[in-house]
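Chemist: Test case, fold it:
(2 chains)
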Number of protein chains: 2
Amino acid sequence: MKAISIKNPGNSEQLEIKEYTIPKLNEGDLLIQVKASAVNRTDIMTRENKQLAEPYPILGVEVAGVVVENSNNSDNQLVPGTRVAGLVNHGGYAEYVVMPSNRAIRIPDNMSFESAAAIPEVFLTAYQTLYWLGELKPDETVLIHAGASGVGTAAIQLAKKMTKARVIVTAGSNEKLQFCKELGADKVINYKEEEFDQIVLNYTEQKGVDLILDFIGASYWEKNLTSLKIDGRWVLIGVLGGAIVENINLGKLLQKRITLKGTLLTSRSDDYKAKLTNEFVEHVMPYFEKDLIKPIVDTVFLLDDAAKAHRYMEDNKNSGKIILKVED
Amino acid sequence: MKAISIKNPGNSEQLEIKEYTIPKLNEGDLLIQVKASAVNRTDIMTRENKQLAEPYPILGVEVAGVVVENSNNSDNQLVPGTRVAGLVNHGGYAEYVVMPSNRAIRIPDNMSFESAAAIPEVFLTAYQTLYWLGELKPDETVLIHAGASGVGTAAIQLAKKMTKARVIVTAGSNEKLQFCKELGADKVINYKEEEFDQIVLNYTEQKGVDLILDFIGASYWEKNLTSLKIDGRWVLIGVLGGAIVENINLGKLLQKRITLKGTLLTSRSDDYKAKLTNEFVEHVMPYFEKDLIKPIVDTVFLLDDAAKAHRYMEDNKNSGKIILKVED
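Modeler: Numbers count the residues shown, from 1 in each chain, chains lettered A, B, ... in the order given. Down below sits the predicted model:
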C-alpha cells in the first residue's frame, strides 16, 4: 500500500511517499481502507521531531474509511463495508490503517468521507477540553482562541449548540471572525487590532470569562490571566504563540484561584480515547445526524500532496480542517 | 473590648492594642467570647498591605471561644456557653468576635481552647486542598512542602489517617523532618541538603507523585514539574519562595498534562466556608474526638504579645501553629 512517512526529521520537504505492507491486526482491531485522512499540528510536530528513532512512522492520527476486516468476532456492528471515522495512534496518511474497534465512529449516511475525516481529532479535543477538563456549564462564558482553527470551529459549535454557553472568540482576520460568527460565536475579537483582554472585560461587565481554551500559550499569558473570572478555568492545549513565558506572577494564580490544565489528546491512553469516543458518539453524533453541528472542511488535498497541505497549515491559512483524500 | 489592629501598614511594630466596642450581630451570627486566636500568614499580608483603607480592621481569621449570644433563634444547638472554634472574616485578635453560626465547629470536651484555635484555618485548608482541589485518593502519593508548617502538619495527618496515602514532605531542618515523621510522613527530605525532585523520582520508581501541595511557588517551580507524575495535580497555596518565575516552559505543562490550581481560603465566599466547615465537621472531627488526629500547637503567646508572635512566624521558627491566648 501507499503511505507517507519522512526521510528525516525536518520541514515539509522531508515527507515521502513509499510502499508499505498492509498492517496486521491485533485482537480488537479493525482494518480500515482509508478514504480520507486529515492534517493535525501533531503531525507537523512528529515530522520535525529530532528525537524520533528509525524506522520513522507513517504520519496521521485520524481517518475516515471503510471497514475491511474486524478481528473482534463478537462485534457484529462493525462488519466489513461499514463506513467509520476515528482516531488512530499513527499511520493515517495511508491506503490502509489499523484502528482499535472501540474508537470507531459510524459515519452518518448523509456525510462524505472528507467531512467525516474532519471530525475525530478536533471534535473529540473540543469536547474533552470544554467538558471533561473545562467543565463548561450552560450559563457560563467561554473564550476560545484561534476560533477559526479546527478545534476552534468545533468548540464554538459544541459550546453554542449543546450548552448554549456564551462564546467569545479571537482570530487574526475579519474573514475568520465572520466565519466564527456564522458558526454561532456571540462576540468576535481581531487580536491584531484590539486588546482582547479589555474587550473581554467590557463584554462581561468586568467579571471575565469562566473558561478559556488556549492554543496560544506564552504570548497570551498575561491577557488570559486578566480575562479570567475569579475561580476561572484555563485549558492549555497548544503553544502556537510560544512555550516560554519570561515572567510569571504566581500570586495572580492564587488571588484569582485559577485552575490551569495542560493537555494533549494524542498521548492519552487507548482506554481514555475509547471512553471519550464512546461518550462523544452518544452525546454529539446525534447533532451531526440532524445537521445541527457540521464538520468544517477548509481544503481537500490529495494524499500525494501532503507536503503542500503541511505548508498550508504552517501558514495558518485555514478556517477549519485540512483533509487528505485517498484515491482508489 | 480589647483588640489588635495596625497603626499603619508595615512591619510587626505597627500592631496596636486598642479599645473597641463589642461587634453587633447580623441574622445568623454568633457572638463569641474569644479564648484563643491564632496567627496566619494572611494576617501578616494584611498588616503589610499598603492598599488597605482606614479604618484598619482588627486582625485575625480564626478563633476558639464560648458562644455568648446566638442571633439564629431556630438554632438550639449553639446555645450560650457552647465551646466552638471556627473561621471569622476578620477580627479574631480580640476579646469578642462575630462568627456566622454555620462556621462554628464544636470543640471536643477533652480539648483546650488553645488546641482548638489551632484547627480551623490549617485543617480546613489542608482538607480543602488535599480533597476538594487535589482529589487525593487512597493509593496515591502526595508531596507536601513546608511539612512542619501549620497546613503541612495538618495535611500529613489527614493524608495518612483518613486516606492512607503515601506522604513525602520537605522541610528545612532535621528537627522539623523528624517531627513530620512522627506525624506519619513516609519519606522526609531536607531541601537544604538534597535535590528534592531527584529524591522524589527515586522514591516513586521514576514515576513522580500524583499531587503536590505547594506553599513555596517560584523557587520550586522546575523541581515541582519534575516531581509530578503524568496527569499530576499541583495545588498552589502560597508563594513563600517568591511569586515571580522567570522562564516557564508551558510545553512541559502540556506534555505532562498537569493541572495547576491556585487557591486561597480567606477570600472565599461565606457559603463556601460554611460548606467546607460542614463537611469537615462530619468527616474529620471524629478523628480529633478519638485523638487520632491532633491539632499542632508550637507556641502560645498572650494576645498582648501579637507583635512577637508575628516576628516568630516571619522567622519560620514554628512547627505547627502559633496561638494567641486571650486572658479573662
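Chemist: On the three-state scheme, A:Val188 is what?
Modeler: strand (DSSP: H, G, I helix; E, B strand; the rest coil).
Chemist: That one is in contact with A:His145, isn't it?
Modeler: No. Here A:Val188 does not reach A:His145: they are 11.7 Å apart, not a contact under Cβ atoms under 8 Å. In this view, the C-beta of every residue, glycine as well, is placed from N, C-alpha and C.
Chemist: Quick check: neighbours shared by the two?
Modeler: Residues within reach of A:Val188 and of A:His145 at once, by Cβ atoms under 8 Å, 6 or more residues apart in numbering or on different chains, are A:169-170.
Chemist: Out of those two, name the residue with the larger neighbour count.
Modeler: More crowded of A:Val188 and A:His145, by other Cβ atoms under 10 Å in any protein chain shown: A:His145, with 28 against 21.
Chemist: isn't that one right up against A:Gly217?
Modeler: No. Counting by Cβ under 8 Å, A:His145 does not reach A:Gly217; the two are 9.6 Å apart.
Chemist: and the residue in the stretch 51-200 of chain A that chain B sits nearest to, how many neighbours does it have?
Modeler: Relative to chain B, the nearest point of the stretch 51-200 of chain A is A:Leu133 (8.3 Å; Cβ to the nearest Cβ). Neighbourhood size, A:Leu133 [other Cβ under 10 Å]: 22.
Chemist: mind giving me the domain split of chain A?
Modeler: Listed domain ranges for chain A are A:2-119+A:295-325, A:122-262 (source: automatic domain parsing).
Chemist: Return the most buried member of the ones you listed.
Modeler: Among the domains of chain A, ranked by average contacts under mean count of other Cβ atoms under 10 Å in any protein chain shown, first place goes to domain A:122-262 (a mean of 21).
Chemist: shaky segments in the stretch 151-300 of chain A?
Modeler: Residues of the stretch 151-300 of chain A meeting the criterion pLDDT under 70: none.
Chemist: which residues does A:Ser319 contact?
Modeler: If you count contacts by Cβ under 8 Å, 6+ apart, then A:Ser319 has A:148-149, A:153, A:175-176, A:179, A:296, A:298 around it.
Chemist: Including distance to B:Thr82 and secondary structure, could these go into a markdown table?
Modeler: Shown next, in a markdown table, are those (distance: Cβ to Cβ, whole Å; DSSP: H, G, I helix; E, B strand; the rest coil):
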| residue | distance to B:Thr82 | secondary structure |
| --- | --- | --- |
| A:Ala148 | 62 | coil |
| A:Ser149 | 60 | coil |
| A:Thr153 | 60 | helix |
| A:Glu175 | 68 | helix |
| A:Lys176 | 64 | helix |
| A:Phe179 | 64 | helix |
| A:Ile296 | 63 | coil |
| A:Asp298 | 68 | strand |
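Chemist: ok, so of the residues you listed, who is nearest B:Ser112?
Modeler: A:Ser149 (61.1 Å; Cβ to Cβ).
Chemist: pretty sure A:Ala159 is touching A:Leu130, no?
Modeler: Yes. Between A:Ala159 and A:Leu130 there is a contact at 6.0 Å, judged by Cβ under 8 Å.
Chemist: joint contacts of the two?
Modeler: A:136, A:142.
Chemist: returning to what we had before: surely the residue of the stretch 51-200 of chain A closest to chain B meets A:Val235?
Modeler: Yes. In this structure, A:Leu133 is within contact of A:Val235 by Cβ under 8 Å, at 5.0 Å.
Chemist: Tell me how far A:Val200 lies from A:Ile168.
Modeler: 6 Å (Cβ to Cβ, to the nearest Å).
Chemist: Which neighbours do these two have in common?
Modeler: A:143, A:189, A:209.
Chemist: Pull the contacting residues for the closest residue to chain B within the stretch 101-250 of chain A.
Modeler: Chain B sits closest to A:Ala243 of the stretch 101-250 of chain A, with a gap of 3.9 Å, by Cβ to the nearest Cβ. A:Ala243 makes contact with A:217-218, B:249-251 under the criterion Cβ under 8 Å, 6+ apart.
Chemist: Among these, name the ones in helices.
Modeler: Judged by DSSP state H, the subset of the contacts of A:Ala243 located in helices is B:250-251.
Chemist: Output the contacts of A:Ala243 as JSON lines; include the columns distance to A:Glu95.
Modeler: Below are these laid out as JSON lines (distance: Cβ to Cβ, whole Å):
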{"residue": "A:Gly217", "distance to A:Glu95": "36"}
{"residue": "A:Ala218", "distance to A:Glu95": "39"}
{"residue": "B:Asn249", "distance to A:Glu95": "39"}
{"residue": "B:Leu250", "distance to A:Glu95": "37"}
{"residue": "B:Gly251", "distance to A:Glu95": "34"}
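Chemist: which one of the contacts of A:Ala243 is nearest A:Met313?
Modeler: When the contacts of A:Ala243 are compared against A:Met313 (criterion: Cβ to Cβ), the nearest one is A:Gly217, at 17.5 Å.
Chemist: List the residues that contact the most centrally placed residue in chain A.
Modeler: In chain A, the C-alpha nearest the mean C-alpha coordinate belongs to A:Val122, at 2.3 Å (Cα atoms, centre = their mean). By Cβ under 8 Å, 6+ apart, the contact list for A:Val122 reads A:150-151, A:153-154, A:321.
Chemist: On the three-state scheme, A:Glu182 is what?
Modeler: Quick answer, by three-state DSSP: A:Glu182 is helix.
Chemist: how much space is there between it and A:Val169?
Modeler: 12 Å.
Chemist: Nearest to B:Phe113, out of the domains of chain A?
Modeler: Using Cβ to Cβ, the nearest of those to B:Phe113 is domain A:122-262, at 30.7 Å.
Chemist: Spell out which parts of chain A neighbour chain B.
Modeler: Proximity of chain A to chain B (Cβ under 8 Å from any Cβ of the partner chain) is limited to residues A:217-218, A:221, A:236-239, A:243-264, A:267-268.
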